[in-house]
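**Q** what's the 3D shape of this:
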Amino acid sequence: MDSTLIRDSYDAVADVYAQGFTADLATKPLDRAMLTAFSEQVPKDGPVADVGCGPAQVACHLDDLGVPVVGLDVSPGMVKVAQERRPGLDVRVGSMLDLPLADKELAGIVAFYSLIHLQSHERPRAYTEFARVLRPGGLVLAAFHAGEEVRHRDSWFDRSVSLDFFALRPEDVAAGLATAGFAIEATLMRGPYPGEADTERAYLLARRL
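**A** Below is the predicted model of the structure:
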């Protein structure tokens, strides 16, 4: 998918998206549990990047857990919303296909529902970028819709957008991360919580070799 379409679509909905999603972790205990486990196991010698951070609900949660975190999003509108939500939080415009970070700069990466916008041929590049910016022993926690379905939106929150949402097979994500130099440490599957889209969710925890 054209990255400009992703950027422009999320710019179009940034303000209303933030109203609906900034507090959604409060109703998702398994998401919080996985983030807590991540925060306890991630090496303490560097920052963590929330890649595709949106309004920074995950970055703020990690910040509350005492994890040094930087938020990255391809949408300047989302970055602006995140900065307004928590002044002082380091949030930047950036793509997971070309992370604006130095080699081995990070101790960890969280990617919550950001891989789902990448085409199949783009995902290996993202995994390679994750490996590049992580130090050996660094952790990745990825969350995504599980399956093989593709959903397209032309309208979202009554705004015009053009977005594809790819459900991903956990074994394919695991294989891609393994090829990029990661060892899978944990996998969790869950059904939708009330009010969520009717898809199964997957969480993968992987360590940089």
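
**Q** leaving out the residues flanking it, which one is nearest to P76?
**A** Closest residue to P76 in three dimensions, ignoring its sequence neighbours and counting by C-beta to C-beta, 6 or more residues apart in numbering: V93, at 5.3 Å. (C-beta placed from N, C-alpha, C; glycine too.)

**Q** gap between the one you found and D164?
**A** With distances defined as C-beta to C-beta, to the nearest Å, the gap from V93 to D164 amounts to 21 Å.

**Q** run through who's touching stretch 24-32.
**A** For stretch 24-32, the external contacting residues (C-beta atoms under 8 Å, 6 or more residues apart in numbering) are 35, 57-58, 61, 112, 143, 188, 190, 193-195, 203.

**Q** make it 6 Å
**A** With contact meaning C-beta atoms under 6 Å, 6 or more residues apart in numbering, stretch 24-32 is reached by 57, 61, 190, 193.

**Q** one step back: quick check: bridge partners of the residue nearest to P76?
**A** D73 (DSSP bridges).

**Q** using the three-state scheme, assign R207.
**A** strand (DSSP: H, G, I helix; E, B strand; the rest coil).

**Q** among the contacts of stretch 24-32, which one sits closest to L139?
**A** Minimum separation from L139 among the contacts of stretch 24-32 (C-beta to C-beta) is found for H61, which lies at 15.8 Å.

**Q** rewinding a little: so how do I select the buried members of the contacts of stretch 24-32 in PyMOL?
**A** Of these, the buried ones go into a single PyMOL selection, burial set by 16 or more other C-beta atoms under 10 Å:
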select buried, resi 57+61+190
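
**Q** in helices, which of the contacts of stretch 24-32 appear?
**A** Restricting the contacts of stretch 24-32 to those inside helices, with DSSP state H as the criterion, leaves 57, 61.

**Q** check contacts around R207.
**A** If a contact means C-beta under 6 Å, 6+ apart, then R207 has 139, 183, 185 as its contacts.

**Q** buried ones among the residues you listed?
**A** Of all the contacts of R207 considered here, the ones buried according to neighbour count by 16+ other C-beta under 10 Å are L139.

**Q** end-to-end on stretch 190-207?
**A** Between the start and the finish of stretch 190-207 there is a gap of 22 Å, counting by C-alpha to C-alpha, to the nearest Å.
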